[in-house]
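**Q** Here is my input, please return the structure:
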Amino acid sequence: MATAFPFSAIVGQDEMKLALLIAAVDPKVGGVLAFGDRGSGKSTAVRALAALLPKMKVNVNCRYNCDPGQPQEFCEDCRARAASGKLKTSQVSVPVVDLPLGATEDRVVGALDLERALARGEKAFEPGLLARAHRGFLYIDEANLLEDHLVDLLLDVAASGENVVEREGLSIRHPARFVLVGTGNPEEGELRPQLLDRFGLSVEVKTPDDLPSRIEVVRRRDSFERDSAAFLETWSKEESKLRKKITAARERLPSVAVSDAALERAAKLCMLLGTDGLRGELTLMRAARALASLEGAKTVKDDHLRRVAPSALRHRLRRNPLDDAGSSVRVDRAITELFG
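**A** As a prediction, this is how the structure comes out:
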């Protein structure tokens, strides 16, 4: 496996890094969409975050990454091993699974294991990419170019948290909860509105436009490629601090309070922007709570709402023929109007 660039060594791109950290603290936020220039560090940040996260406990030899702490969600094999007292656990890295643009539906959801069917005459299930991504990240590069039938499939699984396969005499269900991370270049087309709305946070990624930042990006990347071991050692303390911060935030999250006043602020902001449905308020509240937890706060404050509002709401705005300002500008104006 290739060594990932350290997350804490990424220069700039603060909005994208914060969105990824929020999704890591609370996966219920709903994933992250990063749209912007090529070569601006989008895929680097995703893989860096996965390498940074604390390892997760799984049942040994489980094809679905079953969580030992959630026996009610065990697959059939894990239930059988648990009943016979043969269940063992281990720790593994958080998976980052790439969803290729040309992937077939069978490869994504899983299908009949042809090798076992031909060799032994058994009907057995060969898990797909969704099974591998459970409890980790499903990464879609160039998400705006994804085929429509795969978009529909992902919408169903993302909504239910479960993958259901009914084909070739097979009837399989398994949990498939993952942080959906998509990247793309706006010049190559827009994302379908149905999928766009499923991403909790949307960030705009731009190439640094100041000379010192550009120089530092090149310097760090060159140092990493020339001697990755030495570079990782240099950043190991920062990575360790950030890892502990994420772990503490996850533990603290259930105790972070969201007051009625904060909920009212979130609802007013969404009404001011005219967002459809209530997903905007829910995402805004969850993201603000995760940010508060990351920073050790006990309650969600206006500052938390202000900082996550652009990422949580910019992709949920209707087109306004009387206002040609971009969605980010419209969100910023509404924040200023509401919060001052």
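**Q** In three-state terms, label the residue nearest to Val58 when sequence neighbours are not counted for me.
**A** Of all residues not flanking Val58 in the chain, Asn65 sits nearest, at 5.0 Å (C-beta to C-beta, 6 or more residues apart in numbering). Yep, even glycine has a C-beta here, placed from its N, CA and C like the rest. Of the three states, Asn65 takes coil according to DSSP: H, G, I helix; E, B strand; the rest coil.
**Q** Name all residues that make contact with Asn65.
**A** Shown in contact with Asn65 (C-beta atoms under 8 Å, 6 or more residues apart in numbering): Met56, Val58, Val92, Pro95, Ala131, Arg132, His134, Arg135, Gly136.
**Q** What are the structural domain limits within the chain?
**A** 7-55+93-205, 254-339 (automatic domain parsing).
**Q** between those domains, which one is nearest to Gly85?
**A** The closest of the domains of the chain to Gly85 is domain 7-55+93-205. By C-beta to C-beta, the value is 23.0 Å.
**Q** Just the terminal-to-terminal distance for that closest one.
**A** Counting by C-alpha to C-alpha, to the nearest Å, you get 16 Å between the two ends of domain 7-55+93-205.
**Q** Then stretch 227-245?
**A** End-to-end span of stretch 227-245 (C-alpha to C-alpha): 27 Å.
**Q** cool, stretch 106-126 as well?
**A** End residues of stretch 106-126 are separated by 9 Å (C-alpha to C-alpha).
**Q** For the stretch 201-340 of the chain, which segments are assigned as helices?
**A** 211-226, 228-234, 236-252, 260-273, 279-294, 302-313, 327-339 (DSSP state H, counting those that start in this stretch).
**Q** Figure out which of those helices is closest to Ala111.
**A** Closest to Ala111 of the helices of the stretch 201-340 of the chain is helix 279-294 (C-beta to C-beta; 32.2 Å).
**Q** Can you check what angle separates the closest one from helix 260-273?
**A** If you take axes from the mean of the first three to the mean of the last three C-alpha atoms, to 10 degrees, helix 279-294 sits at 140 degrees to helix 260-273.
**Q** Which one, of the helices of the stretch 201-340 of the chain, ends up nearest to Ser171?
**A** helix 279-294 (31.4 Å).
**Q** got the angle for the closest one vs helix 302-313?
**A** Orientation of helix 279-294 against helix 302-313 (the same axes, to 10 degrees) gives an angle of 130 degrees.
**Q** Which strands and helices lie in contact with helix 279-294?
**A** Packing contacts for helix 279-294, counted by 3 or more C-beta pairs under 8 Å, 6 or more residues apart in numbering; DSSP states H and E, involve helix 14-25, helix 236-252, helix 260-273, helix 302-313.
**Q** Of all the residues in the second one, which ones are buried?
**A** Going back to what we said before, that points to helix 236-252. Glu239, Leu242, Arg243, Lys245, Ile246, Ala249, Arg250, Arg252 (16 or more other C-beta atoms under 10 Å).
**Q** same question, the first one
**A** In terms of neighbour count (16+ other C-beta under 10 Å), helix 14-25 has its buried residues at Glu15, Met16, Lys17, Leu18, Ala19, Leu20, Leu21, Ile22, Ala23, Ala24, Val25.
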